[in-house]
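**Q** Kindly return the folded structure for what I paste below:
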Amino acid sequence: MPRFQYLPLLPLELRLLELQPGFPDDPLVGGILHQKLSPQDNEIPEFEALSYCWGSQSHPDSINLTVKQHPNERPLHQDTGSINIGRNLAAALRALRQPSENRTLWCDSICINQEDIKERSSQVKRMHDIYHQATRVIVWWGPDTSWSPLLMETLRWAGDQLKAVTLSFAASGVLFDRSDTADYRFWEDNTPFPLNSDQWRAVEQLLALDWHKRLWTYQEIVLANQQTSVVRLGKEEMPWAEFKDTLLFISSYKPPPPSVILVLAGYVFNTEAFYSRAFQCMWNLDRYKQGNLFHVIRMATPYLCSDDRDRVYASRGLISPSVAESIEPDYSKSVKEIFTAVCLDHIARHKDLEFLNACNAATSPSWVADLERPLGQLCLDANAAGKSPASASLISPGVLEVAGVSCDKLCSDPLILRGRKMFQPDAEHIQAIVDVFQSLGGNSLLHDECLDKLILMLTYGAVRDHSIQKLEPVTRLSLFSLQDWREKIRQWISGIFDEEPHGKNIWKTDSAIIRSLPIGNTAVGCLQTLGGSFIRVPAESRSGDIVAVFLGSRTAMVLRPQTKPNTYLVIGPAYHPEFCQGQAFLGDDFHGWDCLWERQWVILAFHKEGQPLRRTDPRLDQVPYDGDITGFITTDHNFPFWRHTNDPHREVLFQDPRMSEASLVKRGVPVQRFQLL
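**A** Below you'll find the predicted structure:
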C-alpha cells in the first residue's frame, strides 16, 4: 500500500483518527477526519486524546488510513495509504479499539504530519486546546506486564482507605482524609503501609515508567479533564482522579521500607516527579491564566525532554494565549537565548524579578537560569522587597541593571545543611542540624535570642510566631513555634531523642518536627554574616559575596563582586531574617503592628490587638501618593491594589507606587544600581 498523503490543515483545523473496530490480531485501520476546533466559536468536536510515550521507533508497526470526506469539503487526490507508527502507539490502538464501533481519537504521531516541520510547529501551539477540550484524555502506559494485575489490585485496595484528598495551604501540601471503613494499619504512626515487597515493587515499576518523567505528558495531563480522564495499563483501566489520589497516598504519606525498593535514588526521583505532577493537576488551572510563564516553567523542572528548548515551548499550553503568543517556537535559538527572552518579557509584564529565584550560578549571563541544570529554588513565608515594582533594564547584551540595596556581606564559606532525604534516618538528620547549630552558635545556644535566630535560619522563617496561624487555634497542621523548636533543639543537643510527647502535644514527635521543615530549597548553606545574622545561602556562595535586596524580588540575592566596579555575578537566592519583610527599603519599625505571613494568599498581613487584620503596610501610612494614584482594598479578602482615579481605564497596579525607585530615592532611601553580568 502506498504511503498515506496528508492534506494540509486549514486554519483552526485539526485531524482526528476514526479508529475502526477490530480484533486484537487484525491490522490497524482508521479514517482521518478534518475537524474545526475553535472553543471561542463554540465549535468543539467530540474526541478522546491519547497521552503516551513514543518509545523506540525502530521496528515500527503500521496503520492503514483513509481520508473521510464530508459534504462541502475540498476534493481529494488520494484517499488511502499507510504510515509507520511506534510499537507502543500500535499496542495502545489495538487495546483501545472496540469490537464493533468506531472510536474517535487524537494522537500526535498520526494526527500531525510528522514530515511537515511548519505544521508540527503550528500544532504545538494548539496543545492547550486539544488536551483541554478533549472529552477525556486516555493515559496509556503500555501492554500488560507481569506486575500490572497486582498493581491495580493494590491501588484499588489502598484507594478504599481514602474519603478525600485535598490541597492544604496551611500545611503546604496534600491532606488525606480516611474513609469510615479504613484499615487502621494504613494510618498508624511510625509503621509502614501493610504492603508486601511484591506490591511495593509493582508501585516502583509503575513510577519508573517514562510517562511519569516526560515533560510533554506532564502538560497533557495537567490540561486534561480531571474527572473524565482515565489511565490504562494493558487491559486494566482506572479513573485518573482515583489513581492520582491513591498513588499520592501510597507514595507520599509514608515512605516504604528501604529494603523493598530496588533502586532507592530512582524511586525518590520518580516519587517527587509524580507528586509535582499530581499537585499541579489538583491546582486550579485558571491560576495559570494569570500569564506567569516563569511559574509554569519552574513547575515543569522535574521532567525530562529530549530538547531543553521544550522547557519553554511545552509550557506555552499552560498559560494565557496573550503570553503564549509572545514566545514563538524557534529551534534555531539556543536555550539561553530563549529563556533570556522569557525573563525580559516577565519584567515587562509582571514588574517583578521572580525569575532571579531560579538562578543556579551557571553560565553567562548569570541572571538567567541555565535550564539544562536544576533550577535554584527558595520558597519563603516572606517578601524581602514588600509590594515594590522592579526597576530593571537591559543596558547592553547580557547585562541587566537592577535597583536595590546592599544589605550584608559573607565573611566565611557556608556550612551545608540539606533537607532530609526520603530514606534518611531521623537521627542522622537531627545530628546534622545539631552539628551546624553548635558550629555557628557555640556557647550562645544557651541564650534564647541566639537560638531563635538559628531556628529561623533552619526553618527559613516558617515558624508559627511569624505566621497568621499565630492568631488561630493550634492544630496538627499548624507550624511549630519558636518555643517548640527551642525545646527540641536543646533536647537533641543533650542527646535526648524520640521523646514521646503526652496530652495535647501528642503530634510533637522528633519525626513530625523534622518533617515540618521546608524541602526543595537550594539555599542549603548556613553561615553568620559580617553583620552577625544567621542566614541561608546557595552552596556555591563564598566569603566576600554580598547579600542584596532588589526592588520586585521576594528573596534576597547573593552576588559576587567582579573586577569592574558595580558589576556582579548572581549566585542565587538567600534567606536573610533581618531583611525578609521589606526592611531594606522601609526599616523595621512597624508602629506597633505585628508583621505576619499569610501563606494561603502569599502576602504580608499586619495584626494589632483590638484592630482588624490589615494587608497594607503600616510603615507607609504617612507616605502620600503622587499624582492621581490612590490605593484601594478588595471587598472579599482586603487585598491592596492601586489605580489612577482620573483614568479608571488604565491598568490596575498590584505593586505599591510608593515603593517605586523614584519614590524611595525621593524619601532618601539609599537605592543603588547593580549591573548583573
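**Q** got the contact list for T363?
**A** Residues near T363 by CB atoms under 8 Å, 6 or more residues apart in numbering: K336, D370. From N, CA and C alone the C-beta is placed, and that goes for glycine too.
**Q** Would you pull up how far stretch 242-262 lies from the middle of the chain?
**A** Centroid separation for stretch 242-262 versus its chain: 20 Å, with CA atoms, centre = their mean, to the nearest Å.
**Q** Count the neighbours of P143 for me.
**A** 15 (other CB atoms under 10 Å).
**Q** Show me the shaky parts of the chain.
**A** Judged by pLDDT under 70, the chain has its weakly predicted residues at 69-78, 169-172, 284-291, 362, 499-507, 635-637.
**Q** quick check: domain ranges of it?
**A** 13-134, 148-283, 592-665 (automatic domain parsing).
**Q** since we're on the closest residue to V665 other than its chain neighbours, how many residues are nearby?
**A** Taking CB to CB, 6 or more residues apart in numbering, and ignoring the residues beside it in sequence, V665 has V671 as its nearest neighbour in space, at 5.4 Å. V671 is surrounded by 19 other residues when neighbours are defined as other CB under 10 Å.
**Q** Q483 versus V671, what's the distance?
**A** Noted for V671: a distance of 38 Å to Q483, by CB to CB, to the nearest Å.
**Q** Save the domains of the chain as TSV, and put in distance to S320 too.
**A** Supplementary listing: the domains of the chain in TSV, determined by distance: least, CB to CB, whole Å:
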stretch	distance to S320
domain 13-134	10
domain 148-283	14
domain 592-665	15
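**Q** Turn those into JSON lines, columns for distance to M1 and mean neighbour count.
**A** Compiled in JSON lines, the domains of the chain are given as follows (distance: least, CB to CB, whole Å; neighbours: other CB atoms under 10 Å):
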{"stretch": "domain 13-134", "distance to M1": "5", "mean neighbour count": "16"}
{"stretch": "domain 148-283", "distance to M1": "29", "mean neighbour count": "17"}
{"stretch": "domain 592-665", "distance to M1": "58", "mean neighbour count": "15"}
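**Q** quick one, which of these is nearest to L456?
**A** domain 592-665 (12.4 Å; CB to CB).
**Q** how far does the closest one stretch from start to finish?
**A** One end of domain 592-665 to the other measures 26 Å (CA to CA, to the nearest Å).
**Q** Stretch 273-292 too?
**A** Using CA to CA, the span of stretch 273-292 from its first residue to its last is 21 Å.
**Q** just stretch 5-23 next, same as before
**A** The first-to-last residue distance of stretch 5-23 comes to 26 Å (CA to CA).
**Q** so how far is that stretch from its chain's centroid?
**A** Once both centres are worked out by CA atoms, centre = their mean, stretch 5-23 turns out to sit 35 Å from its chain's centre.
**Q** ditto for stretch 580-599
**A** Relative to the centre of its chain, stretch 580-599 is centred 27 Å away, using CA atoms, centre = their mean.
**Q** and if you look at stretch 2-18?
**A** With CA atoms, centre = their mean as the basis, stretch 2-18 stands 35 Å off its chain's centre.
**Q** I'd like the numbering to begin with 38 instead of 1 from here.
**A** From this message on, residue numbering opens at 38, which makes the last subject stretch 39-55.
**Q** got the contact list for that stretch?
**A** Counting contacts by CB under 8 Å, 6+ apart, the residues outside stretch 39-55 that touch it are 67-75, 80, 82, 84, 102, 104-105, 111, 113-115, 117-120, 139-144, 147-150, 153, 156, 159-160, 163, 167.
**Q** can you tell me which of the residues you listed are in strands?
**A** The subset of those located in strands under the criterion DSSP state E comprises 67-73, 102, 104, 117-120, 140-143.
**Q** contacting residues for N227?
**A** Here N227 is in contact with S548 (criterion: CB under 8 Å, 6+ apart).
**Q** Repeat that for the one 5 residues further on.
**A** The contact partners of L232, taken as CB under 8 Å, 6+ apart, are T191, V240, I287, P293.
**Q** Next, work out how far apart the spatially most central residue of the chain and W237 are.
**A** The centre of the chain sits closest to M336, judged by CA atoms, centre = their mean, with a distance of 2.8 Å. Distance, M336 to W237, using CB to CB: 28 Å.
**Q** Confirm E257 sits in a strand?
**A** No - E257: not assigned to a strand; according to DSSP: H, G, I helix; E, B strand; the rest coil it is helix.
**Q** same for the strand or helix carrying G478, what does it pack against?
**A** Counting by DSSP states H and E, the secondary-structure element that holds G478 is helix 463-478. Contacts of helix 463-478 with other secondary structure elements, assessed using 3 or more CB pairs under 8 Å, 6 or more residues apart in numbering; DSSP states H and E, are made with strand 452-453, helix 485-496, helix 519-530, helix 547-552, strand 562-565.
**Q** Most tightly packed of the ones you listed?
**A** Most buried of these by mean neighbour count (mean count of other CB atoms under 10 Å) is strand 562-565; its value is a mean of 22.
**Q** buried sites along the longest strand along the chain?
**A** Among the segments of the chain that qualify as a strand by DSSP E, the longest is strand 436-446. Of the residues in strand 436-446, those scored as buried under the neighbour-count criterion (16 or more other CB atoms under 10 Å) are L437, E438, V439, A440, G441, V442, S443, C444, D445.
**Q** strands paired with that strand, and their directions?
**A** When pairs are called by DSSP bridges, strand 436-446 turns out to pair with strand 429-433 (antiparallel), strand 583-587 (antiparallel), strand 709-713 (antiparallel).
**Q** So which of those strands is nearest L415?
**A** Ranking the strands paired with strand 436-446 by their distance to L415 (criterion: CB to CB) puts strand 583-587 first, at 12.8 Å.
**Q** now that closest one: how far from the chain's centre is it?
**A** Centroid separation for strand 583-587 versus its chain: 25 Å, with CA atoms, centre = their mean.
**Q** Excluding sequence neighbours, find me the nearest residue to D654.
**A** If you skip the residues right next to it in sequence, D654 has G423 as its closest partner in space, 6.2 Å away by CB to CB, 6+ apart.
**Q** Check the burial of the one you found by counting its neighbours.
**A** Taking other CB under 10 Å as the criterion, the count of residues near G423 is 23.
**Q** Hmm, it is touching D693, no?
**A** Yes - G423 is in contact with D693 according to CB atoms under 8 Å; the separation is 7.2 Å.
**Q** got any residues that touch both of these two?
**A** Taking CB under 8 Å, 6+ apart as the contact rule, G423 and D693 both touch D654.
**Q** measure the residue nearest to D654 to S590 for me?
**A** From G423 over to S590 the distance is 11 Å, taken as CB to CB.
**Q** next one: Q618
**A** When Q618 is compared with S590 (using CB to CB), they lie 13 Å apart.
**Q** swap in L713?
**A** With distances defined as CB to CB, the gap from L713 to S590 amounts to 12 Å.
**Q** cool, and G210?
**A** With distances taken as CB to CB, G210 is found 26 Å from S590.
**Q** V706 now?
**A** From V706 across to S590, the span is 16 Å (CB to CB).
**Q** Among the two, which residue is more densely surrounded?
**A** Of the pair V706 and S590, S590 is the one with more neighbours under other CB under 10 Å, namely 24 against 15.
**Q** hang on, isn't the more buried one packed against A421?
**A** Yes - under the criterion of CB under 8 Å, S590 lies in contact with A421, with a separation of 6.5 Å.
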